[in-house]
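Trainee: this one's structure only:
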Ligand code: HEM
């Protein structure tokens, strides 16, 4: 082993503390350059292959027969077979089962259907910003990034507005369990081993989804997504309660925290790059800006697959059963795809950002919704704010998975 490769062996992409103050981009860069399919040992696990280059991330995502989402689920953390089964949602399945589940929810998230929601999303964003901006200085995570996505999502899913606050509280407790400021008390407790995120809030969410399904079955006129799903069938049989609960939880968690991160880190990026804010103020295209915010922020660092057979990837011999982790954060800074990748450029074009995954059947179900929310918040911000700047240091979520902020103090000068 050379001194250089021994040095690479000390890179730690898995420790949550590595992400508490900054994303370790320099490590991603080195690995992309020197060892793009890198064997990464783990302190409490068998180790994993870290896939760093854009093309390889796409290839792994596409080849579901070789790289399974089902065998070991998609979290980096290793779970027992019973925990995998108990938590399994659509994202942890392979074809053909995956297609059966995805078919149940896909129609509500097509580009066309989401475009019909534009007024609704604008109304939510506008209400939130009308309340927030006059304060001048505020926490943009709490006041904007957290406030918009969950409200939009709950409407699309068909959760009654009376239960909005409950869902917001449960959703917040479910996520970011690796951050002591945000996580749920159940993390690490064996009683919650079989629950998603090991979180007691998952239990409460399941109780709610059981109640919601019963109630929805009695309301034949409710055509919203989760109400329709209540009576859906797979292969001639009613969707099991476990599948219903898992889909319920997946939709709420996947559609909430990710968009929140994109909004929070996107606002931070604009505050740190006044030249780019100015370009938007003078009319730069908001669709291009949305793509650049998605690339720049990469709200989820990675997803995991498990090799189903021995395979060679970029010259590295991967064995059946090995964990293979695709790092979107690295792929979004791949200089072979994005010239000058560390330049935040709201006019970047082309911009094949990979934050939603790319190439495989699991590609994000909510991508059009997330884009609409980001673009709408941007438009509303631009119409109300002339100057945007940081009012204090942002605080990051301690997580190797979620790239997010828990606090973002900003100061704005309202448009007069
Ligand atoms: C900026 C916001 C978002 C980001 C960065 C994001 C990212 C991702 C990624 C990386 C995947 C996995 C892709 C793969 O394995 O190939 C995914 C899957 C998924 N996303 Fe999103 N997502 C976002 C917003 C949303 C929203 C708004 C929803 C709405 C419900 C949503 C629902 C889902 C679901 C259900 C899956 C699983 C799809 C499947 O297994 O077929 N996401 N997302």
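Mentor: Received the coordinates, thanks. This one's a predicted model, so the numbers in the text were calculated from it and none came from an experiment. Numbers count the residues shown, from 1 in each chain.
Trainee: switch to C-alpha atoms for all contacts and neighbour counts from now on
Mentor: OK.
Trainee: hmm, stretch 68-85 in reach of the ligand?
Mentor: No. Using Cα under 6 Å from any ligand atom, we find that stretch 68-85 stays clear of the ligand, coming within 8.0 Å at best.
Trainee: how distant is that stretch from the center of its chain?
Mentor: 18 Å (Cα atoms, centre = their mean, to the nearest Å).
Trainee: what is the end-to-end distance of it?
Mentor: Terminal residues of stretch 68-85 lie 15 Å apart, using Cα to Cα, to the nearest Å.
Trainee: please state the backbone phi and psi of the closest residue to residue 28 other than its chain neighbours?
Mentor: In this structure, residue 28 finds its nearest non-sequential neighbour in residue 330, 5.6 Å apart by Cα to Cα, 6 or more residues apart in numbering. According to degrees, to the nearest 10, the main-chain angles of residue 330 amount to phi -70, psi -50.
Trainee: which ones are touching residue 330?
Mentor: By Cα atoms under 8 Å, 6 or more residues apart in numbering, residue 330 lies in contact with 25, 28-29, 32, 52-54.
Trainee: for the residue lying closest to residue 306 once chain neighbours are set aside, give the beta-bridge partners.
Mentor: Nearest non-adjacent residue to residue 306, counting by Cα to Cα, 6+ apart: residue 323, 4.6 Å away. According to DSSP bridges, the residues that bridge with residue 323 are residue 48, residue 306.
Trainee: got a pLDDT number for residue 323?
Mentor: On pLDDT, residue 323 comes in at 98.
Trainee: what does the stretch 1-150 of the chain put close to the ligand?
Mentor: Neighbours of the ligand within the stretch 1-150 of the chain, by Cα under 6 Å from any ligand atom: 61, 90-91, 102.
Trainee: can you count the residues close to residue 8?
Mentor: Counted with other Cα atoms under 10 Å, residues neighbouring residue 8 total 18.
Trainee: can you count the residues close to the closest residue in space to it that isn't next to it in sequence?
Mentor: Distances taken as Cα to Cα, 6+ apart put residue 31 closest to residue 8, at 7.6 Å, once the chain neighbours are dropped. Applying other Cα under 10 Å, we find 20 other residues in the vicinity of residue 31.
Trainee: residue 31 sits in which helix or strand?
Mentor: Assigned by DSSP states H and E, residue 31 belongs to helix 25-34.
Trainee: what strands line up against the very next helix or strand once past that helix, and which way round?
Mentor: Toward the C-terminus, helix 25-34 is succeeded by strand 37-40 as the next helix or strand (DSSP H and E). Looking at strand 37-40 with DSSP bridges, its partner strands are strand 48-51 (antiparallel).
Trainee: residue 262 and the ligand, how far apart?
Mentor: 5 Å (Cα to the nearest ligand atom, to the nearest Å).
Trainee: which strands and helices sit next to the helix or strand hosting that residue?
Mentor: Using DSSP H and E, residue 262 maps to helix 241-272. For helix 241-272, the contact count by 3 or more Cα pairs under 8 Å, 6 or more residues apart in numbering; DSSP states H and E identifies helix 147-157, helix 164-174, helix 200-218, helix 274-281, helix 286-297, helix 367-384, strand 385-390, strand 405-407 as packing neighbours.
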